[in-house]
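**Student:** Let me see the structure of the following:
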Amino acid sequence: MRPPIFYLGVITGKIKEKMSISVIIPVYNSSNTLEKAVESCLIQNEVSEIVLINDVSNDNTLELCIKLSNLYKRIKVVNVDSNINLGAGNARNLGILISKNDYIAF
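**Tutor:** This is a model prediction of the structure:
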């Protein structure tokens, strides 16, 4: 059995028993690599939320995102409704607004 993990809060100085992390993954025509990226997040106990931001993909990335979100309740899918790709930075900013945890990873 693995011992509990404790994290020291830098600002509060308090110890937290468990950290919950939201991972934001911008995706654009990423169907070849998406499943592996999601799997690497799912094996981490601290990751309680994965936000997939589909930024106007024109392959089957959106369908794969939806499939993964149906398989795993920790995954949220956001589809950017735009005529042009807005870029990874804008997708990350959108993910920050949507995420529910205090800790965020990209």
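**Student:** if I pick the closest residue to residue 88 other than its chain neighbours, what's in contact with it?
**Tutor:** Leaving aside its sequence neighbours, residue 88 sits nearest to residue 26 (Cβ to Cβ, 6 or more residues apart in numbering; 4.4 Å). For the C-beta atoms, the positions are set from N, CA and C on the backbone; glycine is no exception. Counting by Cβ atoms under 8 Å, 6 or more residues apart in numbering, residue 26 makes contact with 53, 55, 88, 91, 92, 95.
**Student:** swap in residue 54?
**Tutor:** Contacts of residue 54 (Cβ under 8 Å, 6+ apart): 27, 28, 61, 62, 65, 77, 78, 79, 80.
**Student:** rewinding a little: between the contacts of residue 26, which is closest to residue 106?
**Tutor:** Of all the contacts of residue 26, residue 106 sits closest to residue 92, with 5.9 Å by Cβ to Cβ.
**Student:** Residue 53 sits in which helix or strand?
**Tutor:** Using DSSP states H and E, residue 53 falls within strand 47-54.
**Student:** Pull up the pairing partners for that strand, direction included.
**Tutor:** strand 21-27 (parallel), strand 75-79 (parallel) (DSSP bridges).
**Student:** got the CA coordinates for the shortest one in PDB?
**Tutor:** Going back to what we said before, that points to strand 75-79. C-alpha atoms of strand 75-79 as PDB (Å, rounded to 0.1, in the frame of the first residue of the first chain):
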ATOM      1  CA  ILE A  75     -13.500  13.900 -19.300                       C
ATOM      2  CA  LYS A  76     -15.300  17.100 -20.400                       C
ATOM      3  CA  VAL A  77     -15.400  18.000 -24.100                       C
ATOM      4  CA  VAL A  78     -15.700  21.500 -25.400                       C
ATOM      5  CA  ASN A  79     -16.000  22.100 -29.200                       C
END
